[in-house]
Every structure is written in structure tokens, then in C-alpha cells.
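Engineer: Just to be clear, the model below is a prediction. Sequence and coordinates:
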Amino acid sequence: MAKNLEITEKLEKYIKNFSLKLNPIQQEIIDYNNTLGDVKRMQVATSQCHFLHLIIKTSNIKRVLEIGTFTGLSALSIALALPDDGKLVALDKDEETNKVALDFFKKANLNNKIQTIVKPALDSLDEFKNSKFDMVFIDADKMNYKEYYERSLKLLDKGGLIIVDNVLWHGEVADEDNLDKYTINIRDFNTYVANDKRVEQIIIPLGDGMTVCRVL
């Protein structure tokens with residue numbers, strides 16, 4: 001069986017040169033996040049931005065729910081790919097990072113496509129229980145992943161997508177000796193989804209790992 005390539009920094013730069021180019025505001029968000037210190041780890045990878053863009057374009061997705069927005073890179077990437085009549089609802093409980101994200105959305109002239117809601121996501125999900133989306137992107141507090149997943153399933157019809165970030169958890173999920181509570185939680189979540197007959201799913205090694213689920 002062919003072995004996956006190790007993506008070195010040199011190879012990553014090569015891939016970047018031959019891939020979809022970032023929007024200037026996407027780059028501004030990345031540059032801003034680079035000033036934040038360790039918390040910048042909450043940002044999605046550039047490869048994940050491109051993946052979200054292409055999957056939205058190719059799947060004719062118009063209505064998206066995002067759980068966990070941070071400073072807005074993933075949300076902006078989604079909104080850029082949506083058609084003119086598309087809509088993104090972005091949930092996050094952090095007022096300060098939401099203000100930063102809103103400034104970037106306005107600068108990109110995409111605030112009309114993006115509705116932000118600042119409160120605990122589980123509360124917002126209860127309010128959307130009668131709504132429908134084409135795709136849900138989950139990238140919030142890891143201990144609630146299973147609950148986010150279950151509630152997201154109720155918001156999707158057959159063929160709808162759930163995409164979940166950080167499912168490889170820096171590679172720690174494969175280390176059976178790692179008993180950190182977050183690692184255990186992600187490992188248990190991955191097992192739960194893998195055994196869920198309501199979806200077909202695959203883990204893609206982009207960024208910190210993304211699970212893509214299609215509702216059956």
C-alpha cells in the first residue's frame with residue numbers, strides 16, 4: 001500500500017504556490033492571528049480553507065451552520081464560496097473574538113451573508129431545531145463534540161454534510177497511552193461517528209484532521 005507523504009514546511013510552501021489563492025482578507029485574518037501567540041492554534045489551516053471552499057462549490061451548498069468561529073477565518077472561507085443567495089449562521093460564545101470577526105466580514109463585504117450569534121452554541125442549536133441546513137461545520141469546545149454532532153444531524157436532510165475539525169488531535173488519538181481527557185474525548189467521538197449507521201464518513205488528514213460525514 002502506498003504510504004502517505006510527510007508534509008514538510010518546504011512541501012507545504014510548494015503546495016501553496018500551486019493551489020487556490022487566498023482572498024486578501026483571509027490573509028489579513030491569518031496575519032492577525034499570528035500576533036495572538038499560542039491561541040492562534042484555534043485557527044483552521046489554509047488547506048482546510050481551500051477544502052471547505054471546494055466542497056461548498058461542488059456540492060451546491062447554500063445554507064451553512066458553523067459551530068465555533070474564533071476570529072472568522074473558516075467563516076469567511078465558507079462565505080466566499082457560497083452563492084449570492086447563500087447564508088452562513090456562525091455560532092460562538094466569545095464576544096471579543098466575534099467583534100474581530102465581524103470587522104473582517106465587513107471589510108470583505110460579506111457581512112450580509114453571515115449572521116453571527118454570540119452565546120453558548122448548545123443554546124443556539126435549541127433555537128434552530130426547526131431549521132434546515134445543507135452543511136454544518138463543527139470546530140468548538142471538544143468536550144461537547146458528541147452533543148454538537150447529534151443536534152446537527154437533526155438540522156440536515158439526506159445528503160447533508162457534517163464536517164468536524166481537530167479529530168486527529170495533533171496525532172495524539174493514535175497514542176493509546178495518552179489518557180488526557182481531551183484526547184480520550186476525541187478518540188471516543190471518532191469511535192462513535194465511525195459506528196454511526198446514519199452517516200457515511202471519512203477522516204481527511206488536513207490541518208488537525210477533519211471528519212466529513214454525509215447523512216444517509
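Structural biologist: Good, I have the coordinates.
Engineer: Now do the helices in the protein.
Structural biologist: Using DSSP state H, the helices of the chain run over 9-17, 24-33, 46-58, 73-81, 95-107, 121-127, 145-153, 181-194.
Engineer: quick one: average confidence on the top strand by length along the chain?
Structural biologist: Ranked by number of residues, the top strand in the chain under DSSP state E is strand 156-165. Throughout strand 156-165, pLDDT has a mean value of 98.
Engineer: Check stretch 30-47 too.
Structural biologist: Mean predicted confidence for stretch 30-47 is 93.
Engineer: go on, stretch 132-149?
Structural biologist: 97.
Engineer: hang on, the earlier thing: any idea which of the helices of the chain is most buried?
Structural biologist: Each of these was scored by mean neighbour count; the highest is helix 73-81, a mean of 25, by mean count of other C-beta atoms under 10 Å. Bear in mind the C-beta positions are built from the backbone N, C-alpha and C, glycine included.
Engineer: quick one: the closest residue to Tyr145 other than its chain neighbours and Leu168, what's the gap?
Structural biologist: Once flanking residues are discounted, Tyr145 sits nearest to Phe189: 4.7 Å by C-beta to C-beta, 6 or more residues apart in numbering. Shown here: Phe189 relative to Leu168, a distance of 12 Å by C-beta to C-beta, to the nearest Å.
Engineer: on that earlier part again, same list (the helices of the chain) but as CSV, adding distance to Lys87.
Structural biologist: As requested, those are exported to CSV (distance: least, C-beta to C-beta, whole Å):
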stretch, distance to Lys87
helix 9-17, 30
helix 24-33, 19
helix 46-58, 12
helix 73-81, 9
helix 95-107, 13
helix 121-127, 15
helix 145-153, 16
helix 181-194, 26
